[in-house]
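> Next comes the sequence, and after it the predicted model I'd like to discuss.
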Amino acid sequence: AQSVTQLGSHVSVSEGALVLLRCNYSSSVPPYLFWYVQYPNQGLQLLLKYTSAATLVKGINGFEAEFKKSETSFHLTKPSAHMSDAAEYFCAVTSRGSARQLTFGSGTQLTVLP
Amino acid sequence: EAGVTQSPTHLIKTRGQQATLRCSPISGHTSVYWYQQALGLGLQFLLWYDEGEERNRGNFPPRFSGRQFPNYSSELNVNALELEDSALYLCASSSRDRVDNVLTFGAGSRLTVL
């Protein structure tokens, strides 16, 4: 079985400040990990993915995430928040040889304050 | 390249009625996934279709059903609608050739049950 826990359902940062969204996973086999973003009234857009190559993964819009096996974490960061980053962010996990559907975390709503 | 398209965008039904939602995957994708995003419940996996067959099913009652057509488009049917079925229904597609199983999502169909 696999699962994802996102710590903090709501995170607020000031424009220009560091963004840190936390994700911890549970998987009995090596995982594939993803971050998706959902803007209001839209579907989900892939930000970045970890597939066992480099542990530091760079994505779109200046976001990156680091896979830490020892901590079972895949936290999402961005050095400087922009107003356009305000959205809901979902961490997701799947595994090789699994049923292939993604299991999502409960989401973190990011608010960027002017 | 056209993305994943879903119809209708919005649908209003009353309790006990049936709803049908449709999804067209990205050209070349053979797998279609359905997720329910209800308020406060995150993204819940509903169904996975590939090559016309149902491959996996989430923890939903049998009144949630669907099918995949020869052109890989898919239909989700919800029978005997209940108030708690009100949600955003997201469709995603992927290629079976991709080991990392990146999902591309549509914009969703919002179902309101009165």
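Arrived safely.

> Count the neighbours of the residue nearest to residue A:28 when sequence neighbours are not counted for me.
Spatial nearest neighbour of residue A:28, chain neighbours left out: residue A:1 (6.9 Å); criterion: C-beta to C-beta, 6 or more residues apart in numbering or on different chains. C-beta here means a position set from N, CA and C on the backbone, and glycine is covered the same way. Residue A:1 has 8 neighbouring residues, counting by other C-beta atoms under 10 Å in any protein chain shown.

> Residue A:1 against residue A:29, yeah?
No: counting by C-beta atoms under 8 Å, residue A:29 is not a contact partner of residue A:1; they are 10.5 Å apart.

> Just read off the phi/psi values of residue A:70.
phi -60, psi -30 (degrees, to the nearest 10).

> And it, how far from residue A:62?
26 Å (C-beta to C-beta, to the nearest Å).

> Counting neighbours, go ahead and name the busier of those two.
residue A:62 (14 against 5).

> For the closest residue to that one other than its chain neighbours, list the residues it contacts.
Counting by C-beta to C-beta, 6+ apart, the nearest residue to residue A:62 once its immediate chain neighbours are dropped is residue A:78, at 5.2 Å. Residue A:78 sits next to A:18, A:19, A:61, A:62, A:63, A:64, A:85 when contact means C-beta atoms under 8 Å, 6 or more residues apart in numbering or on different chains.

> For residue A:78, give the beta-bridge partners.
residue A:19 (DSSP bridges).

> do you know how far it is from chain B?
21 Å (C-beta to the nearest C-beta, to the nearest Å).

> thinking again about what came up before, could I get the contacts of residue A:78 as CSV with secondary structure, distance to residue A:93 and pLDDT?
As requested, these are exported to CSV (DSSP: H, G, I helix; E, B strand; the rest coil; distance: C-beta to C-beta, whole Å; pLDDT from 0 to 100):
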residue, secondary structure, distance to residue A:93, pLDDT
A:18, coil, 24, 97
A:19, strand, 21, 97
A:61, helix, 22, 93
A:62, helix, 23, 96
A:63, coil, 18, 97
A:64, strand, 18, 97
A:85, helix, 23, 96
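
> For PyMOL, what selects the buried ones among those?
A single PyMOL command selects the buried members of the contacts of residue A:78 (16 or more other C-beta atoms under 10 Å in any protein chain shown):
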select buried, chain A and resi 19+63+64+85
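
> Excluding chain neighbours, what is closest to residue A:100?
residue B:101 (5.1 Å).

> Could you report the neighbour count for residue A:69?
With other C-beta under 10 Å as criterion, residue A:69 counts 10.

> Show me where chain A has its strands.
A:2-7, A:10-14, A:19-27, A:31-38, A:44-50, A:56-58, A:64-68, A:73-78, A:87-95, A:103-104, A:108-113 (DSSP state E).
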